[in-house]
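In: from the sequence below, what's the structure:
(one chain, ligands or ions: 2)
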Amino acid sequence: MDVQVDFADPTGSLYVRGGEDVVPLVNAEVEAAVEAGSPVVFTQDWHPEHTPHFAADGGVWPVHCVAGTPGAELHPALVVPDGAPRVRKGTGAEDGYSGFSELDLASGRREATVLGDLLDSRGVQRVVVVGLAGDYCVKATALDGAARGLAVQVPLELTRFVQLADGDDERAVDEMRSAGVEVL
Ligand code: VGL
Ligand code: ZN
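Out: Ligands and ions are numbered 1, 2, ... in the order given. This next block holds a predicted model:
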């Protein structure tokens, strides 16, 4: 999830502390998955210049991951296997958290991304959710995955938390565990 410059690089506009440290571990997980013949999907937070997701437009976040900007690129040290699908989310007037769906803040409707179909078409029953950030995108994706009936694992070594408020990391872990996500 969202191993992008704005989150994972210390110069990023929404730097998640320690984000760069997960990159080599994520690479190892990706390599292991590829060797096992398992599909690997990369997500990118991919926002318009103006969205109610940003503080400037009524939301909570600094401007980040604007479509097509350097900050929205995947981290340069991230190894992306040839042909690995990318799912972009947060692309409209939406929140950008779950890889499976986007909430259109204007209409209040939740719409599916391609991720669910992609996993279904490959017969995937178990997913490992890694990357950034543990209290937002990783959590939302893990919860949606569990709600779809997937077995979901979140290895804590492979994520970092934004922690807008103290304890957000523990609350996110509790929430995921309560939903049946295996937090390792
Ligand atoms: C995320 C904050 C704002 C995430 C996205 O992908 O975790 N967090 N936008
Ligand atoms: Zn975002």
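In: how about the CA coordinates for the helix or strand of the chain with the lowest mean pLDDT, as PDB?
Out: Within the chain, no helix or strand scores below strand 101-104, which has a mean of 80 by mean pLDDT, DSSP states H and E. Only the C-alpha atoms of strand 101-104 are listed here, as PDB (Å, rounded to 0.1, in the frame of the first residue of the first chain):
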ATOM      1  CA  SER A 101     -13.200   1.200  -2.500                       C
ATOM      2  CA  GLU A 102     -13.400   5.000  -2.600                       C
ATOM      3  CA  LEU A 103     -15.900   7.100  -0.800                       C
ATOM      4  CA  ASP A 104     -17.200   9.900  -3.000                       C
END
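In: chain center to it, what's the gap?
Out: Distance of strand 101-104 from the chain centroid (Cα atoms, centre = their mean, to the nearest Å) equals 14 Å.
In: who does it touch, helix- and strand-wise?
Out: On a contact count with 3 or more Cβ pairs under 8 Å, 6 or more residues apart in numbering; DSSP states H and E, strand 101-104 meets strand 109-112. (Glycine included, C-beta is placed from N, CA and C.)
In: tell me the helices and strands packed up against the strand it packs on.
Out: Packing partners of strand 109-112 (3+ Cβ pairs under 8 Å, 6+ apart): strand 101-104.
In: so is the strand it packs on next to ligand 2?
Out: No: applying Cβ under 5 Å from the ion, one finds strand 101-104 out of contact with ligand 2, separated by at least 10.9 Å.
In: got it, and stretch 157-174?
Out: No: Stretch 157-174 stays clear of ligand 2 (Cβ under 5 Å from the ion), getting no nearer than 10.3 Å.
In: quick one: mean pLDDT over that stretch.
Out: Averaged across stretch 157-174, pLDDT comes to 97.
In: start to end distance for that stretch?
Out: For stretch 157-174, the first-to-last residue distance is 16 Å (Cα to Cα, to the nearest Å).
In: run through who's touching it.
Out: Contact with stretch 157-174 is made by 14, 16-19, 21-22, 25-26, 29, 60, 129-136, 138-139, 156, 183-184, as judged by Cβ atoms under 8 Å, 6 or more residues apart in numbering.
In: so which of the residues you listed sit within helices?
Out: Judged by DSSP state H, the contacts of stretch 157-174 include Gly19, Asp21, Val22, Leu25, Val26, Glu29, Val138, Lys139 as members of helices.
In: and of those, the nearest to Leu115?
Out: Nearest to Leu115 among the ones in helices among the contacts of stretch 157-174 is Val138, at 13.5 Å by Cβ to Cβ.
In: low-confidence stretches in this structure?
Out: Applying pLDDT under 70 to the chain flags the ranges 95-96, 105.
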